[in-house]
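Colleague: what's the 3D shape of this:
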Amino acid sequence: MAQEQLRVEAAAGVRDGQRVLRCKGPLTLGTLFAFQGAVRSETAGTVIVDLSEVPYIDSAGLGSLIAAHVSYQKVGRQLALAGVNERARALLKMTNVEQLFRIFPSLGEAEQTLA
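Modeller: Below is the predicted model of the structure:
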């Protein structure tokens, strides 16, 4: 069986200094390199990761989200999550890392709230 791929599309946010990473597909050990590359290439002060089309995240994918958050925070930037489904939200809660992230129900809400 072929492994599902993760596509990451970068786009401008609605405000200056915002970028959006739209992820489509699972964020797993086999796909996280696309995500990590996109996160590292962004230079905006605020990056919103749209997870609305990510059906599931495994432990390696979770680790890559945490690593991105920490690396952004160290240099005064912020990483926010939008459109996190219930399955991924449960993983964040179960691993006790939910409080690390600013999480928004939708990309639109994240873009409007984060200046």
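
Colleague: what about the strands in this structure?
Modeller: 7-12, 18-24, 46-53, 78-82, 102-104 (DSSP state E).

Colleague: would you turn those strands into a markdown table with mean pLDDT, distance to Q36 and mean neighbour count?
Modeller: For the C-beta atoms, the positions are set from N, CA and C on the backbone; glycine is no exception. A markdown table is the format used below for the strands of the chain (pLDDT from 0 to 100; distance: least, C-beta to C-beta, whole Å; neighbours: other C-beta atoms under 10 Å):
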| stretch | mean pLDDT | distance to Q36 | mean neighbour count |
| --- | --- | --- | --- |
| strand 7-12 | 96 | 9 | 14 |
| strand 18-24 | 97 | 11 | 20 |
| strand 46-53 | 98 | 12 | 22 |
| strand 78-82 | 97 | 13 | 21 |
| strand 102-104 | 97 | 20 | 18 |
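
Colleague: Which one, of the ones you listed, ends up nearest to F35?
Modeller: Nearest to F35, of all these, is strand 7-12, at 5.8 Å by C-beta to C-beta.

Colleague: what does stretch 5-16 rub up against?
Modeller: Applying C-beta atoms under 8 Å, 6 or more residues apart in numbering, the contact partners of stretch 5-16 are 18-28, 31-32, 34-35, 37-38, 41-42, 44, 46, 48, 54, 111-112, 114-115.

Colleague: Provide a list of residues in contact with L81.
Modeller: I48, V49, L51, L65, F101, R102, I103, F104, A110.

Colleague: Would you confirm that the fourth one contacts S59?
Modeller: Meaning L65. No: between L65 and S59 there is no contact under C-beta atoms under 8 Å: 10.7 Å.

Colleague: Quick check, pLDDT for H69.
Modeller: Looking at H69, its pLDDT is 97.

Colleague: Please report how far V20 lies from R102.
Modeller: According to C-beta to C-beta, to the nearest Å, V20 stands 14 Å off from R102.

Colleague: Please read the previous query as pertaining to E86.
Modeller: Taken as C-beta to C-beta, the span from E86 to R102 is 18 Å.

Colleague: May I see the buried residues of the biggest helix by length in the chain?
Modeller: Longest helix in the chain by number of residues (criterion: DSSP state H): helix 59-74. For helix 59-74, the buried set under the neighbour-count rule, 16 or more other C-beta atoms under 10 Å, comprises G61, L62, S64, L65, I66, A68, H69, Y72.
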